[in-house]
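Enquirer: Give me coordinates for this.
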Amino acid sequence: QVHLVQSGGGLVQAGGSLRLSCAASVRTFSTYHMGWFRQAPVKAREFVAAINWSGGNPYYADSVKGRFTISRDNAENTVYLQMNSLKPEDTAVYYCAIQRADGRIRYPSGEYDYWGQGTQVTVSS
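Expert: Residues are numbered from 1 along each chain as shown. Take a look at the predicted model:
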């Protein structure tokens, strides 16, 4: 069983920054791809960003491109989401997710094997 423990998040004013962290309880973190998703009230969960097992090929939703940065530290079994220039529409519960790296990274939420507990990000206007 894989456990993903998230930290970070909170309340910030528009234009501010936050960093989310997600630590994975796996033996070899570098054999997994990682992703971030978010879900706003009464909306479906949506893709935010993903990164492959080696830290290459970061991929972003158009809505966050240029403002968010996904990164990972394989020595620390942790993936990060740096969020800058936050907007009220970024308000959501954010989830990290992990996917076995048995090929190229796959982006749909159903392709991920385990999920973090979620963390609230609230951006005030």
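Enquirer: At the geometric centre of this protein, which residue sits there?
Expert: With distances taken as Cα atoms, centre = their mean, Trp36 lies nearest the centre of the chain, 2.3 Å away.
Enquirer: dump the residue contacts of that one.
Expert: Trp36 makes contact with Leu20, Cys22, Val48, Ala49, Ala50, Ile70, Val79, Leu81, Tyr94, Tyr95, Cys96, Ala97, according to Cβ atoms under 8 Å, 6 or more residues apart in numbering. For the C-beta atoms, the positions are set from N, CA and C on the backbone; glycine is no exception.
Enquirer: again, but for Ala40
Expert: Contacts of Ala40 (Cβ under 8 Å, 6+ apart): Glu89, Thr91, Ala92, Val93.
Enquirer: same thing with Tyr95?
Expert: Gln6, Trp36, Phe37, Arg38, Gln39, Arg45, Trp115, Gly116, Gly118, Thr119.
Enquirer: Also Ser71?
Expert: By Cβ under 8 Å, 6+ apart, the contact list for Ser71 reads Ile51, Gly55, Pro58, Val79, Tyr80, Gln82.
Enquirer: Need the three-state assignment for the fifth one.
Expert: Spelled out, it's Tyr80. Using DSSP: H, G, I helix; E, B strand; the rest coil, the structure places Tyr80 in strand.
Enquirer: That one touches Leu18, doesn't it?
Expert: No - contact criterion Cβ atoms under 8 Å: Tyr80 and Leu18 do not qualify, at 10.8 Å.
Enquirer: thinking again about what came up before, can you list the contacts of Tyr95 in JSON lines and add secondary structure, pLDDT and distance to Ser30?
Expert: What follows is the contacts of Tyr95, written out as JSON lines (DSSP: H, G, I helix; E, B strand; the rest coil; pLDDT from 0 to 100; distance: Cβ to Cβ, whole Å):
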{"residue": "Gln6", "secondary structure": "strand", "pLDDT": "98", "distance to Ser30": "20"}
{"residue": "Trp36", "secondary structure": "strand", "pLDDT": "98", "distance to Ser30": "18"}
{"residue": "Phe37", "secondary structure": "strand", "pLDDT": "98", "distance to Ser30": "21"}
{"residue": "Arg38", "secondary structure": "strand", "pLDDT": "98", "distance to Ser30": "25"}
{"residue": "Gln39", "secondary structure": "strand", "pLDDT": "98", "distance to Ser30": "28"}
{"residue": "Arg45", "secondary structure": "coil", "pLDDT": "96", "distance to Ser30": "26"}
{"residue": "Trp115", "secondary structure": "strand", "pLDDT": "98", "distance to Ser30": "20"}
{"residue": "Gly116", "secondary structure": "coil", "pLDDT": "98", "distance to Ser30": "19"}
{"residue": "Gly118", "secondary structure": "coil", "pLDDT": "97", "distance to Ser30": "25"}
{"residue": "Thr119", "secondary structure": "strand", "pLDDT": "97", "distance to Ser30": "24"}
